[in-house]
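Chemist: next input, structure requested:
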Amino acid sequence: MSNIKQELERIQIPKELHERSKLGVKKAKSEQPKRKLTTLWVAAVMISVLGIGSLASPSVQATIENLFSFNQVEEMSQTNIGWTWGGIAGNDATIYSSVDEIEKKYSMDIPFPEQLHVAEENSSVKEYTVNTSKDKFVSYNYYLRTEDRMYRITATNVSKEKPEFTANTTQGTVIEKEISINGMSGTLIGIQDINGYHIYIEQGDWKIVVSGFADFLDGKKGAPELTEKEIITIAESIK
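Modeler: Predicted structure coming up:
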């Protein structure tokens, strides 16, 4: 784990990618045509941060079942939750308009929460991105923002690694519990400081992270609470 964090510190993450990965950044495009993206993070791990602030080097760290760790922060410090996942970045990334388009391109069934297709009807931003290596599928990322929710799906069928979830928070606010998703075991992860969750599940060869957070961008604090039941229902709709 220390080697991964040392590698992260040396990697110059493109400004566009960094800004798009932080909660609190506005997304200007409501729909994206299919296009090729040049990626500078070939050897890097993929970073996803949802919360307030940014991940920092730990002063105090606790690890639970080697999947989730949190950094102790002092009172009044910023809190956040996110994850890192090595081996899923690929060499290139291409944006698609739908799951169907991805499935036709790569001749495979893509596990995707059908529940989010319903949410897309009220979306302000949605984006499907496929990461490839030598034109072969590595992983896909999905981003959806509605009026009061932000969702992120990341899935791979080639990586042997599992994501590592991290958070800056205070003692006693960590949420990690085993849950059942359509008869398969999953892990629900979050912190009480932030209204949102990650769910990690393995389905056949696929490793999937489902993330959902109440959207409090633009100073809006009235977004309805995102409950455990809501995010679990979304994960259960994966087909």
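
Chemist: how about the helices in the chain?
Modeler: Along the chain, the segments classed as helices by DSSP state H run 2-10, 15-20, 99-106, 115-119, 228-236.

Chemist: where among those is the average confidence lowest?
Modeler: Mean pLDDT is lowest for helix 15-20 among those, at a mean of 38.

Chemist: low pLDDT regions in this structure?
Modeler: 1-77, 216-222 (pLDDT under 70).

Chemist: end to end, how far does stretch 190-205 reach?
Modeler: 25 Å (Cα to Cα, to the nearest Å).

Chemist: for that stretch, buried residues please.
Modeler: Gly190, Ile191, Asp193, Ile194, Asn195, Gly196, Tyr197, His198, Ile199, Tyr200, Ile201, Gln203 (16 or more other Cβ atoms under 10 Å). Placement of C-beta: from N, CA and C, glycine included.

Chemist: just stretch 103-113 next, same as before
Modeler: Under the neighbour-count criterion of 16+ other Cβ under 10 Å, stretch 103-113 has Ile110, Pro111, Phe112, Pro113 buried.

Chemist: list the contacts of that stretch.
Modeler: Contact with stretch 103-113 is made by 96, 99, 102, 130, 137, 140, 142, 153, 155, 157, 203, 206, 208, 210, 234-235, 237-239, as judged by Cβ atoms under 8 Å, 6 or more residues apart in numbering.

Chemist: if you set the cut-off to 10 Å instead, what comes out?
Modeler: 34, 94, 96, 98-102, 119, 128, 130, 132, 135-137, 140, 142, 144, 151, 153, 155, 157, 199, 201, 203-208, 210, 212, 231, 233-239 (Cβ atoms under 10 Å, 6 or more residues apart in numbering).

Chemist: and the buried ones among these, selectable in PyMOL?
Modeler: A single PyMOL command selects the buried members of the contacts of stretch 103-113 (16+ other Cβ under 10 Å):
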select buried, resi 94+96+99+102+119+128+130+132+137+140+142+144+151+153+155+157+199+201+203+206+207+208+210+212+231+234+235+236+237+238
